[in-house]
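J.: got a sequence here, can you model it:
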Amino acid sequence: MSQKATIRGEVSFRVGDGVLLPIPDGPVSIDVADDSVTLGWEEGQGNAISTAITRDEYDRYVKEGKIRVQGS
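T.: Below is the predicted model:
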């Protein structure tokens, strides 16, 4: 089940073996699984983007206050 969250600070993801890319500050939807978290957001006019990060990365970002889950 998707939850709403807000990115505030430096949160990034890696595409394949490429460089780290930033997730822009603002609203995201998150889907939490046992070992990963999928984040989805929009850039520009209806350009939906999503990525998965490890659960460890997600937990660290939440602890640092960079991902703020609504209702938490």
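
J.: give me the element residue 9 is part of.
T.: Here residue 9, judged by DSSP states H and E, is contained in no helix and no strand.

J.: and residue 46, its phi and psi?
T.: phi 70, psi 20 (degrees, to the nearest 10).

J.: assign a three-state SS to the residue of the chain most remote from its centre, would you?
T.: Distance from the centre of the chain peaks at residue 45, with 19.4 Å (Cα atoms, centre = their mean). Following DSSP: H, G, I helix; E, B strand; the rest coil, the label given to residue 45 is coil.

J.: ok, residue 56 next?
T.: helix.

J.: pLDDT value on the residue farthest from the centre of the chain, please?
T.: Looking at residue 45, its pLDDT is 82.

J.: ditto for the one 5 residues further on
T.: Here, the pLDDT recorded for residue 50 equals 95.

J.: next one: residue 3
T.: So residue 3 comes in at 96 (pLDDT).

J.: beta partners for it?
T.: residue 30 (DSSP bridges).

J.: likewise residue 12?
T.: With DSSP bridges as the rule, residue 12 is bridged to residue 22.

J.: show the contacting residues for residue 58.
T.: Counting by Cβ atoms under 8 Å, 6 or more residues apart in numbering, residue 58 touches 30, 32, 36, 37, 67. For every residue, glycine as well, the C-beta is placed using N, CA and C.

J.: how about a cut-off of 6 Å?
T.: residue 37 (Cβ atoms under 6 Å, 6 or more residues apart in numbering).

J.: so what's residue 61 up against?
T.: Counted by Cβ under 6 Å, 6+ apart, residue 61 has contacts 11, 67.

J.: again, only using 10 Å
T.: 5, 7-12, 23, 37, 39, 53, 67-68 (Cβ atoms under 10 Å, 6 or more residues apart in numbering).

J.: if you rank those residues by neighbours, which is first?
T.: Among those, residue 67 has the most neighbours (other Cβ atoms under 10 Å), with 25 neighbours.
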